[in-house]
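Q: Sharing a sequence plus its predicted fold:
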Amino acid sequence: MDFKEGKEKFIESWGKMASDWGINRTMAQVHALLLIAPDALTADEVMAELNISRGNANMTLRALMDWGLVHKQLKSGERKEFFFAEKDMWVVVRQIIIHRKKRELEPMLKVLEELSTVKGADLESETFSRVISDIKLFSNKANQTLDVLTRSDSNWFTNVFLRFLK
């Protein structure tokens, strides 16, 4: 496989993986392109490489910056903005966890807290309360685990993960 084919396959696979996880495919493809780029790219270069519109490229780059996965770079003598991806995979994973936790888990925890106050004396409401309580317990444990994970460094995580695999 030559470089061009490998590059295209990686970008496509990164986009597919992300879309399977509920993340915008184009956003993941832009991220993949910037991950493997040796130098920062302009929005025009991203547009040309991925064959996407200017609006899509700009919105996607801004979203990736909001996630903390892409950073803007200004170059002396250049009017254009350049963009580069965070290449430390531990930082990338941590940023994704933080963003998804904030966007998905924390709102669910609020709803579960509200639902845990539901009252009722019949079998249906008791079953409901028990299920909500179980989901809330699991969700809180997941939240605590993700908090520990995002506060830790890559060496700690690697050591724990390797012990887990033994």
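A: Cool, got the structure. Numbers count the residues shown, from 1 in each chain.
Q: Let me see the domain layout of the protein.
A: 3-85, 89-165 (automatic domain parsing).
Q: which of those sits most buried?
A: domain 3-85 (a mean of 16; mean count of other Cβ atoms under 10 Å). Where you see a C-beta, it was placed from the backbone N, CA and C, and this is true even at glycine.
Q: Report pLDDT for the spatially most central residue of the chain.
A: In the chain, the residue lying closest to the centroid (Cα atoms, centre = their mean) is I96, at 3.0 Å. Note for I96: predicted pLDDT of 88.
Q: tell me which element it is part of?
A: Per DSSP states H and E, I96 falls inside helix 89-100.
Q: same for that helix, what does it pack against?
A: Packing contacts for helix 89-100, counted by 3 or more Cβ pairs under 8 Å, 6 or more residues apart in numbering; DSSP states H and E, involve helix 123-151.
Q: picking up where we left off before, out of the domains of the chain, name the one with the poorest average pLDDT.
A: domain 89-165 has the lowest average pLDDT among the domains of the chain, namely a mean of 86.
Q: what element comes up after the helix holding I96 heading to the C-terminus?
A: helix 106-115.
Q: Can you list the neighbours in contact with that following helix?
A: I132, I135, K136, S139, N140, N143 (Cβ atoms under 8 Å, 6 or more residues apart in numbering).
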